[in-house]
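> Coordinates only, no sequence provided:
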């Protein structure tokens, strides 16, 4: 007991004696992703879908029609090239994923044909649903994806989008309400 008190007192004395010492705050540990259930080849191809989708979302935030078209074409190409044959899943899941990727490509073609930004955003809402359904179907486990919602989009009908951050950047009302929205769900299978 006496040794314990002496040790505690020594630490207290040592801690209080150096006023010039810098306070060291430990860095937050880096989150490392666990072993993926899918192949590296599949994950790389699916990562291209995520990158392309986020580029499209950011193009809507900028309200840049040519950038929207460029990003949409890139997303369609990424969806066409996703390596579903490398997916570590049963046939039903693979076939369901194929349906979602085809729906995604079809909706992107519809977006490209729309003339005005509002109708392009309506297509973007459907694209968001397709990508999120695809993420949950294949259990993409390389990053956490947030489903975000703005209740005021489309004259208070509401709309969703995906983000790799919980920070809100609304692609439906970027000039009036960039930060309008909330996280309503997330998919993160990397545990």
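Arrived safely, thanks for sending. Note that the structure is predicted; figures quoted are calculated from it, not measured.

> Helices along the protein, start to end?
Taking DSSP state H as the test, the helices found in the chain are 2-17, 40-62, 65-81, 91-113, 117-138, 153-156.

> and the ones you listed, which one's lowest on average pLDDT?
Per-segment mean pLDDT for those reaches its minimum on helix 2-17, at a mean of 43.

> ok, now which ones touch residue 69?
For residue 69, the contact set (Cβ atoms under 8 Å, 6 or more residues apart in numbering) comprises residue 112. Every C-beta, even on glycine, is put in place using the N, C-alpha and C of the backbone.

> and the gap between it and residue 44?
Distance, residue 69 to residue 44, using Cβ to Cβ, to the nearest Å: 25 Å.

> Repeat that for residue 115.
35 Å.

> which one of these two has more residues nearby?
residue 44 (13 against 8; other Cβ atoms under 10 Å).

> that older thread, right, and the helices of the chain - which one's nearest residue 168?
In terms of Cβ to Cβ, the element of the helices of the chain nearest to residue 168 is helix 40-62, at 11.0 Å.

> How far off centre is the closest one?
9 Å (Cα atoms, centre = their mean, to the nearest Å).

> Buried residues in it, which are they?
Neighbour counts over helix 40-62 (16 or more other Cβ atoms under 10 Å) mark 42-43, 45-46, 48-50, 52-61 as buried.

> for stretch 132-144, same thing?
Neighbour-count burial for stretch 132-144 [16+ other Cβ under 10 Å]: 132, 133, 134, 135, 137, 138, 139, 140, 141, 142, 143, 144.
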